[in-house]
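**Student:** Generate a structure from the sequence data that follows.
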Amino acid sequence: MHTLIHAYAQLRRIHHACFPIHYQKSFYDTIVQRKDDGFCKFASVNGKIVGAVCCRVETPAKRHANKDAHVYIMTLGVLAPYRSRGIGSQLLQSVLDHCELHRDGTYGKLRSIRLHVQVSNEDAIDFYTQRFDFTKGGLVRNYYRRLEPPDCYVLEKKF
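**Tutor:** This next block holds a predicted model:
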């Protein structure tokens with residue numbers, strides 16, 4: 001139980017420092033309590049947790065069982081003093097590697113990984129599109145309720 005409490009506290013610390021959105025307790029409970037599936041990872045430097053990536057697999061409903069599954073990146077953040085050291089790239093690459101290993105098995109047919117990025121977050125858009133070949137898709141208007149600007153892009157990388 002100590003490790004769950006520690007992971008919860010560390011993830012909250014990273015999210016509060018990295019994101020303008022404050023997530024509810026249920027968000028953290030879901031992440032911390034689920035079994036290790038390779039889609040939520042922490043990065044540490046000298047024993048200090050400095051970054052994390054949290055993803056989920058989105059599978060089709062039973063009535064659409066022949067449809068492909070996708071991985072959704074909920075969050076990827078690195079504390080400011082540790083950015084530009086390749087930590088975010090390593091976190092994302094570990095998720096991409098996990099997707100490749102299990103592309104046609106454990107989670108169904110994984111066909112892409114995607115996320116939403118606020119239109120004003122040019123650093124994140126460049127990170128995903130230039131370093132990892134994600135494609136900038138459509139604009140989603142009013143995706144964020146409490147942020148300005150409220151619009152985002154869907155970024156996606158197909159496998």
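**Student:** residues of the longest helix seen in the chain that come out buried?
**Tutor:** When the chain is parsed with DSSP state H, its longest helix is helix 2-18. If you call a residue buried by 16 or more other CB atoms under 10 Å, then helix 2-18 has these buried ones: 7, 8, 10, 11, 12, 14, 15, 18. (Each C-beta comes from the backbone N, C-alpha and C, glycine too.)
**Student:** immediately after that helix, which helix or strand?
**Tutor:** helix 25-33 (DSSP states H and E).
**Student:** and the angle from that following helix to helix 2-18?
**Tutor:** 130 degrees (axes from the mean of the first three to the mean of the last three CA atoms, to 10 degrees).
**Student:** Check what contacts the longest helix of the chain and list those residues.
**Tutor:** Applying CB atoms under 8 Å, 6 or more residues apart in numbering, the contact partners of helix 2-18 are 21-23, 28-29, 31-33, 42, 49-52, 54, 75, 77-80.
**Student:** Chain neighbours aside, what residue packs nearest to the most centrally placed residue in the chain?
**Tutor:** Of all residues in the chain, the one closest to the mean position by CA atoms, centre = their mean is residue 73, 2.7 Å from it. Leaving aside its chain neighbours, residue 73 sits nearest to residue 115 (3.9 Å; criterion: CB to CB, 6 or more residues apart in numbering).
**Student:** Which strand or helix spans that neighbour?
**Tutor:** Going by DSSP H and E, residue 115 is in strand 108-118.
**Student:** What segments of the chain are strands?
**Tutor:** 40-45, 48-58, 69-78, 104-105, 108-118, 135-140, 152-158 (DSSP state E).
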